[in-house]
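# Predicted model, plus sequence, below.
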Amino acid sequence: MSTSSGVSFVAMPPLGEKALEHAYGYAGAKSGSGVASGSRLVFRHFSYEVAGKKGKGEGKVLVDDVSVTVRPGELLAIMGPSGAGKSTLLDLMAFRKTPREGAVTQLNGERLTAKSMQRMSVFVEQEDALLGVLTVRETVSYALRLHLPLLSRREVAERVNRVLSALGLQSCADQRIGTPISRGISGGQKRRVTAACAMVTFPRILLLDEVTSGLDSTSAYQVVSAIRTLARAEGMFVIASIHQPSLETLSTFTDLVLLAPGGRTCYNGPVDGLAAFMERWGRPVGRFSNPSDHAMNFLNADFGDASAYPGTGRDSMGTSSAHDASANAHAFREFYLSDCANTSVSHDSASDDEHAHTHAHLRALSPTPNSKMQLQAREHGKAGALGTLVRHTLVLSERTMLNYVRNLLAYGVRLGMYAGMGVMLALIWIRLGNADSTINDRLSVHFYSVAFLAFMSVAGIPSFLEERAVYYRESKNGLYTTLPFVLSNTLVNLPFLFLCTLLFSVICYWAIGLHPGAPAFFRFLAFLYLAILAAESQVQIIAALIPIFVAALAIGAFINGFWMSVGGYFIKARSLPRFWFYSFHYMDYQRYAFELLVNSDLHGLSFRCVDACTCAYPSSTPASCTVSGDDVLTYLDVRIGYGKWAAILIAITVIYRIGLYFALKARSS
Ligand SMILES: Nc1ncnc2c1ncn2[C@@H]1O[C@H](COP(=O)(O)OP(=O)(O)OP(=O)(O)O)[C@@H](O)[C@H]1O
C-alpha cells in the first residue's frame, strides 16, 4: 500500500509484520486469525459533564453523545485537539468515570459491567507509573507474574522476551527505568514499557491513552504495529487516543473518531475514508498532507483560524481568531452530521441493523485461549482465593524488597539519617551518669527518640507515592487487589524499620549510658520499634489520601507535632486540659512509647542528689541523699504495664494498617 506522498506503509524496518509475528510466537498468526467475524464491542451514547461550581455558571460538557463500535483485531484511533475529551472518553469506556444516563457498553450483545470490563481490559494511562530502580525486563516480568502468579519462571522469561522484542525494547531490557539521581531509559522507552506491561497480560480489550506520545515516528509506528499484530492474533479490541500520527502509524489503525472540543464527534469511520470525507466537505487533503493533520487543523480552537494554516486549501488574508477557529470546528461537526444523514460512514448509524442481526451469532464467540480473563480464571481455579492472595503478596513483597534494596535515595538516605540521629544523640547526651540533675536529660532522650524518629517517617512519603502510583495502575487493571499490596508493604516495612531502629539504638544507647544490661537495651529497641511502626503506618495513610508530597509532608508533620503536644512530656498529662487528656492523649502512640521507654530506663535506678541533698524530684529516701527512678515515675504519674502498653501500640499500628487499606480503597473509587 502506498500513500499519496509515495510512502510505503509495509516496508518499515526492522520489525515488519513477520518479525512481529515471530516475536509474539503465534504460529500462523495472520490478519484476522483468532477473530470471530461479526463480533463487536459497542459503546453507545457516551456523555459526560462536570458540574459548575456552586452558584457559578453551568456545568461543562466534556464528552457529548459519542458512540463507537470496535471489531476484534482492529484498532480504533481517537483523535482531537488537546482538551477535546479523549482521555475522558477512554475513562468512561473503562468505567473509571460514570457517563450520563443512557450510555451502553456491549460486547457481543452482552451488556458489560465495571467488573467484567476490568477483568477483560487493560488501560494504559497517559502517565507512566513505574518503579525507577527496576530494569525494563524486571518491570514487565513482575507485571506478568502478578497477573499469572502460577506461570513458571521459564514461561515468564519467554513471554516477556517476546513482548520486549515486539516493542523494540530488547536493547534496553536490562537497563533501569531511572530515578531522580540516575538517568535511565528515555521517555519514549518508558511509554513502551508501560504498553509492554499491559500487552504481556494479553487483554481482550486494550485501551491506550496516548501510547505513542514521546516516541519518534518510527518507534510510534512499530509500537502500533506490534499492538495490531497482537490484536489480530488474539481477536483483541483496541482503542487508542493518539496525537499526530505519521501516515504509516495512521494507516495501522482501522477506524478513526475525531473529536472537537467539548467531546463532540466530527468524524467516525474508517481511516481510509477520511480523505474522501474531507473532499465531500470541500476541503480536500493536499497531495503531501496527512489526512488526520489536515482534519485536525479545522478542529483546534485554541490557535486561531484554521483556514490560515498552510495546506488547508484556502487562503486567509484576514486576522485569525479563536472565534473563527471555533466556527471551523462547528462547521466540521455540522458537515459530519449532515454527511451521516446522507451516507453510512458512521459506525454508529451503520451498526444499528447489524447489531440485531449479529446478536445471536455473537453469543457463540468464545474468548481466545490466551485472553487475560481466561488465563486469570484458569489461574484462579488452580490457586483459589487464598492461594492467589498469598502469591500476589509474595510477588509484591519480592518486588518491594528489591525496590528498597536498590533505592539508595529513598531508603539508603533514610537509614543514614537514623544512624546520623543516633550519632548526634550519642555525642550530645554522652555518658549522662547517675546524678539527679541528669534525670530530665534522660527524659528528653526518650522524648526525642520517639518524637524525632517518628517525625522522620515523613521521609518515606516520596517512595510510598511512587509505589502507590504503580499500585493504582496495576490494581485498576485487575492485576491484584488492595489487600496483598498492604500486606506486602507491611511485610517489607517490618525488617526495614527494624534495621533503622536497631542502627539508631546500637549507636546511642550505650554511649548515653541508659539503663544498664541487655534486657533494658532490648526493651528500648522493641518499644521504639513499635512507635516507628505506628508512625510509618500513620504517614502512609496520609500519603494514600493526599498523594501530593508537599501536602502530605505538611499534614504528617502537623499530626506528629500534635501527638507531641498531648503526649505528656511538654505538659504533664494530668495538667492537660480535660478534653485533650481524655481524648487524644489516650490515642497518642507517642505517649505509650515514651512512657514505655521512660519506665524501662528509670525503674530500678537510683540517682545521687548532688545539690546539697536537695533532690530534683521528691524522694522517698531523702536521708540517703538519693532519689529513685521509681520516685520519678510516681511523680510523673507514669504507671504502666509493659505488656499492656506494648499491646496498645501494636493495636494502634494494626488499626492504622486497616486505615491504610481503606484509604487506598477510598481513593481508588
Ligand atoms: N474534573 C474536571 N472538571 C472540569 N474540567 C475537567 C475535568 N476533567 C477534565 N476536564 C477538562 O475536560 C477537558 C477534556 O479533558 P481530557 O483530558 O479528556 O482531554 P484530552 O483530549 O485527553 O486532552 P490531551 O490531549 O491534552 O490529553 C479539558 O478541557 C479538561 O480541562
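Happy to help now that I have it. Only a predicted model underlies this, so the values are computations on that prediction, with no experimental measurement involved. Numbering: from 1, shown residues only.

# lowest-pLDDT helix or strand in this protein?
helix 347-362 (a mean of 38; mean pLDDT, DSSP states H and E).

# Hmm, Arg145 is touching Leu396, no?
No - between Arg145 and Leu396 there is no contact under C-beta atoms under 8 Å: 9.6 Å. Backbone N, C-alpha and C define where each C-beta goes, glycine included.

# Looking at these two, which one has more neighbours?
Per other C-beta atoms under 10 Å, whichever of Arg145 and Leu396 has more neighbours is Leu396, with 27 against 23.

# so where's the chain shaky on pLDDT?
1-38, 54-57, 301-325, 341, 343-383, 669 (pLDDT under 70).

# and it, which of its residues are near the ligand?
50, 60, 62, 80, 82-88 (C-beta under 6 Å from any ligand atom).

# ChimeraX command to pick out the buried ones of the residues you listed?
Selecting the buried subset of these in ChimeraX, with 16 or more other C-beta atoms under 10 Å as the burial test, is done by:
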select :62,80,83,84,85,86,87,88
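
# How many neighbouring residues does the closest residue to Leu131 other than its chain neighbours have?
Leaving aside its chain neighbours, Leu131 sits nearest to Asn403 (5.4 Å; criterion: C-beta to C-beta, 6 or more residues apart in numbering). Using other C-beta under 10 Å, Asn403 has 20 neighbouring residues.

# just to confirm, which helix or strand has Asn403 in it?
Assessed by DSSP states H and E, Asn403 sits inside helix 372-406.

# what element comes up after that helix heading to the C-terminus?
helix 413-428.

# What is the subsequent helix or strand relative to that next one?
For helix 413-428, the following helix or strand on the C-terminal side (DSSP H and E) is helix 439-455.

# other SSEs contacting that following helix?
Judged by 3 or more C-beta pairs under 8 Å, 6 or more residues apart in numbering; DSSP states H and E, helix 439-455 is in contact with helix 413-428, helix 482-512, helix 518-545, helix 549-565, helix 589-602.

# Let's have the residues of the chain next to the ligand in TSV, adding distance to Ile640 and secondary structure.
As requested, the residues of the chain next to the ligand are exported to TSV (distance: C-beta to C-beta, whole Å; DSSP: H, G, I helix; E, B strand; the rest coil):
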residue	distance to Ile640	secondary structure
Val50	54	strand
Lys60	58	strand
Leu62	58	strand
Gly80	65	coil
Ser82	61	coil
Gly83	60	coil
Ala84	63	coil
Gly85	60	coil
Lys86	60	helix
Ser87	55	helix
Thr88	56	helix
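
# Would you agree Val627 is in contact with Leu605?
No - assessed by C-beta under 8 Å, Val627 is found out of contact with Leu605, at 9.7 Å.

# Between these two, which has more neighbouring residues?
When neighbours are counted by other C-beta under 10 Å, Val627 and Leu605 differ, and Val627 comes out ahead with 24 against 19.

# quick one, what contacts that one?
By C-beta atoms under 8 Å, 6 or more residues apart in numbering, the contact set of Val627 is 436, 439, 606-607, 609, 615-619, 621.

# Leaving out chain neighbours, which residue sits closest to Ser47?
Arg100 (4.1 Å).

# So that neighbour: helix, strand or coil?
Three-state call for Arg100 (DSSP: H, G, I helix; E, B strand; the rest coil): coil.
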